[in-house]
Each structure stands twice: as C-alpha cells, then as structure tokens.
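Visitor: sequence unknown, structure follows:
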C-alpha cells in the first residue's frame with residue numbers, strides 16, 4: 001500500500017493506515033482500547049467488506065446504465081444495513097457508522113475484446129477512464145438520494161471533502177470527454193450520457209445540502225471466482241490464459257475459455273504475461289482516479305524476470321498514482337497433465 005498516495009486521495013477525515021489481503025479496501029479506522037482484563041474500554045471502528053461487482057459488458061448493454069448502477073448501490077447498501085457482526089463489536093460499530101460499500105467491476109478485458117479494442121491501447125485506456133467516471137457520478141448521486149430519503153448521512157460527513165465541495169473540483173475543472181472516436185461511438189451506441197460539468201455542479205450542490213449515505217462507494221476486488229460464474233474476465237486485469245484450467249472440488253478439472261473469444265478476435269486475447277505490467281498499471285491508473293478506495297492490482301511477469309524488473313514496475317505504479325498492489329505472479333511451466341499440447345487456437 002502506497003500510504004501517502006492513499007491518504008492524499010482520501011476524501012474522508014482521518015488516516016488510512018492499512019488495507020485487507022486483496023488490497024482493495026482502503027477505509028479510515030480507529031483502534032479499540034482494553035482494560036487489564038481485556039474488556040473494552042472504548043470500542044473502535046473497524047471495517048466490514050460489503051462488496052459486489054458489476055459485469056462491464058452487461059452494464060454497457062443495459063437499457064438503463066444509471067438504473068443499473070443505482071440498483072447495485074442500493075443493494076450493497078442493504079447488505080451494509082442488515083449486517084450486524086456483534087461477535088466483533090468494532091466491526092459492527094464501524095459498519096453502522098460508515099454504511100461503507102465497495103462496488104467493483106469485472107470483465108473489462110472481455111468487453112474490450114468483444115468491441116475490437118486491445119487491452120492497454122489508447123482506446124482501452126480512454127474507455128476505462130470514462131466508464132469509471134460515469135459509474136462514479138451515478139454511485140454518488142444514488143448515495144445522495146439515499147441520504148435525502150432517510151435524512152441521514154455517514155458519521156463524519158461534515159468533516160469530509162464531500163461536505164466542503166472540494167471533492168468535486170476535479171470534475172468541474174477537467175475535460176471529461178472521449179479522446180477517441182471508438183469510445184465516443186461505444187457510449188453513444190449504448191445510449192449512455194456522459195456526466196457534464198452542469199450535472200457535476202448540480203450533484204455538488206445536492207451533496208453539500210443533503211449529504212451522502214455511504215462513507216465509501218467503490219472498491220475493485222479480484223473477483224477470482226464470481227467472474228467464472230458470470231462468464232467474465234476477472235476484475236479489470238487481463239486474462240491469464242486463453243483457456244484457464246481450474247480444479248473445482250470433486251468436479252475435477254474445469255476448462256474456462258475466455259468470454260467472447262472467436263477466431264476473428266483471437267489476437268486481442270493476449271494474456272497478462274504477454275501484455276506485461278506497464279499496460280496493466282496504465283489501465284488501473286485510469287480507473288484509480290475515480291475510485292475512492294483501492295483496486296486489487298496483480299502484476300504479471302515471465303519466469304525470466306529479476307527483482308530489478310519487479311522494482312521498476314512497483315516504482316512505475318507509484319508514479320502513476322496507484323494506491324496498492326496485490327500479488328506478483330511469475331509465469332510457471334504447466335504441471336504435468338495440465339498442459340495443452342499443440343496450438344491453443346486449434347484446441348478451442
């Protein structure tokens with residue numbers, strides 16, 4: 001976790017000093033104190049992971065993008081509201097005060113390939129930036145609506161950059177329009193209106209008046225298992241293989257071809273080891289600017305990589321404003337019996 005980067009981007013009063021195993025949860029917390037008998041003197045605020053992820057391809061195909069995001073935010077908010085982990089009072093207290101959720105994403109590589117876009121290309125980066133930009137407006141707007149409906153905000157809202165309006169400066173001052181014709185066409189074809197400065201100005205006014213209900217709204221987890229159920233590529237990183245092989249309990253070995261892959265677009269399915277860390281970091285950097293928490297970012301290297309290669313990638317990630325890194329994975333030779341002999345495309 002790049003602690004200074006995390007806290008500079010944090011709109012909530014207080015300091016973030018840790019993350020979770022998957023490195024996407026970045027929330028302010030406070031420690032509990034105990035007496036000599038280990039009874040609570042003061043119950044602190046710890047974190048409940050109320051997570052769920054949208055399938056980017058399905059979201060872009062939705063007849064109502066905004067309603068899809070609103071439904072997801074309200075659903076995760078219901079999870080937070082109904083969660084009471086009383087066996088750990090500090091988590092219960094933190095969840096009740098923050099109403100924090102983590103709306104994530106998956107299937108970025110699959111969607112880009114379906115639309116004829118290479119992962120990490122200028123069009124791919126342009127789409128990632130504007131997709132998360134649009135998600136952010138709708139997520140904040142929904143949280144504002146919930147606060148207005150209930151007459152309640154998260155604890156500490158008045159001390160946040162949302163209450164002062166400072167958070168919205170980046171969206172009121174920047175130019176948030178497609179840089180490529182391909183991405184402009186994608187959003188237009190899906191009937192998605194990109195938030196304008198006027199929309200951001202109105203949202204800023206509404207948030208300063210009514211507040212927002214959720215202290216945190218977005219976090220991008222690895223989605224390692226749920227992406228298979230959704231026939232989606234994991235999270236927003238590239239595929240690790242055109243055909244993934246997993247051992248599923250008593251079922252045995254299961255083969256997962258990458259979603260939307262055809263003979264015609266096979267070249268767009270370079271795996272993460274072939275794409276390399278720089279384009280992955282560039283992609284995550286585009287999303288990071290809009291996500292209030294973290295994004296689970298795994299770096300992939302060939303088995304010839306040195307510690308210098310890894311250090312260079314870590315420094316590059318820091319320079320690009322990445323908040324946290326997850327695993328470092330090296331390509332390994334297949335275990336005996338799991339390799340695919342011959343041409344992969346022929347095996348498909």
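Guide: Right, received. Where do you want to start? Just so you know, these numbers come straight off a predicted model, no measurement behind them.

Visitor: is it fair to say residue 260 lies in a helix?
Guide: No: going by DSSP: H, G, I helix; E, B strand; the rest coil, the assignment for residue 260 is coil, not a helix.

Visitor: How much space separates it from residue 60?
Guide: Taking Cβ to Cβ, to the nearest Å as the measure, residue 260 falls 12 Å from residue 60. For the C-beta atoms, the positions are set from N, CA and C on the backbone; glycine is no exception.

Visitor: any residues in contact with both of those two?
Guide: The overlap between the contact sets of residue 260 and residue 60 (Cβ atoms under 8 Å, 6 or more residues apart in numbering) consists of residue 111.

Visitor: I figured residue 31 was touching residue 40, is that so?
Guide: No: at 11.3 Å, residue 31 does not count as touching residue 40 under the criterion of Cβ atoms under 8 Å.

Visitor: Would you mind listing where the protein has pLDDT under the threshold?
Guide: Applying pLDDT under 70 to the chain picks out residues 333-348.

Visitor: how about the strands in it?
Guide: Secondary structure of the chain (DSSP state E): strands at 33-34, 40-42, 51-55, 102-106, 243-248, 252-257, 299-301, 328-330.

Visitor: Dump these to a markdown table, plus mean neighbour count.
Guide: Putting these into a markdown table (neighbours: other Cβ atoms under 10 Å) gives the following:
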| stretch | mean neighbour count |
| --- | --- |
| strand 33-34 | 10 |
| strand 40-42 | 10 |
| strand 51-55 | 21 |
| strand 102-106 | 27 |
| strand 243-248 | 13 |
| strand 252-257 | 12 |
| strand 299-301 | 21 |
| strand 328-330 | 13 |
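
Visitor: for these, which one sits closest to residue 321?
Guide: Minimum separation from residue 321 across these (Cβ to Cβ) falls at strand 299-301, 15.7 Å.

Visitor: for residue 12, what are its contacts?
Guide: Each residue near residue 12 by Cβ under 8 Å, 6+ apart is listed here: 27, 28, 156, 160, 161, 215, 216.

Visitor: One more pass at 10 Å, please.
Guide: The neighbours of residue 12, taking Cβ atoms under 10 Å, 6 or more residues apart in numbering as the test, are 26-28, 98, 100, 154, 156-157, 159-162, 167, 215-216, 292.

Visitor: For residue 81, which non-adjacent residue is spatially closest?
Guide: Closest residue to residue 81 apart from its sequence neighbours, by Cβ to Cβ, 6 or more residues apart in numbering: residue 99 at 7.1 Å.

Visitor: Contacts only, for that neighbour.
Guide: In this structure, residue 99 makes contact with 48, 50, 76-77, 80-81, 143, 146-147, 150, 152-155, 212-217, judged by Cβ under 10 Å, 6+ apart.

Visitor: Could I have the buried ones of those as PyMOL selection syntax?
Guide: The buried residues among the contacts of residue 99 can be selected in PyMOL (16 or more other Cβ atoms under 10 Å) with this line:
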select buried, resi 48+50+76+77+80+143+146+147+153+154+212+213+214+215+216+217
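
Visitor: Report the central residue of this protein.
Guide: The residue lying closest to the centre of the chain (Cα atoms, centre = their mean) is residue 220, at 2.1 Å.

Visitor: Leaving aside the residues adjacent along the chain, what's closest to that residue?
Guide: Closest residue to residue 220 apart from its sequence neighbours, by Cβ to Cβ, 6+ apart: residue 295 at 4.0 Å.

Visitor: longest helix of this protein?
Guide: Secondary structure of the chain per DSSP state H: the longest helix is helix 122-150.

Visitor: Buried ones in that helix, by neighbour count?
Guide: By neighbour count on 16+ other Cβ under 10 Å, the buried set for helix 122-150 is 123-148.

Visitor: contacting residues for the nearest residue to residue 5 once chain neighbours are set aside?
Guide: Spatial nearest neighbour of residue 5, chain neighbours left out: residue 323 (5.5 Å); criterion: Cβ to Cβ, 6+ apart. The contact partners of residue 323, taken as Cβ under 10 Å, 6+ apart, are 1-3, 5-10, 16, 19, 23-24, 26, 284, 288, 291, 293-295, 297, 317.

Visitor: Next, residue 323: phi, psi?
Guide: Geometry field for residue 323 lists phi and psi as phi -90, psi -40, criterion degrees, to the nearest 10.

Visitor: Can you tell me how far it is from residue 10?
Guide: Remark: distance between residue 323 and residue 10 (Cβ to Cβ) = 10 Å.

Visitor: Then residue 257?
Guide: Noted for residue 257: a distance of 40 Å to residue 10, by Cβ to Cβ.

Visitor: Please apply the same query to residue 182.
Guide: Residue 182 is 34 Å from residue 10, by Cβ to Cβ.

Visitor: higher neighbour count, the two?
Guide: Shown here are residue 182 and residue 10; by other Cβ atoms under 10 Å, residue 10 has more neighbours (20 against 17).

Visitor: ok, and the closest non-adjacent residue to the more buried one?
Guide: In space, residue 10 comes closest to residue 16 once its chain neighbours are excluded; the distance is 5.6 Å by Cβ to Cβ, 6+ apart.
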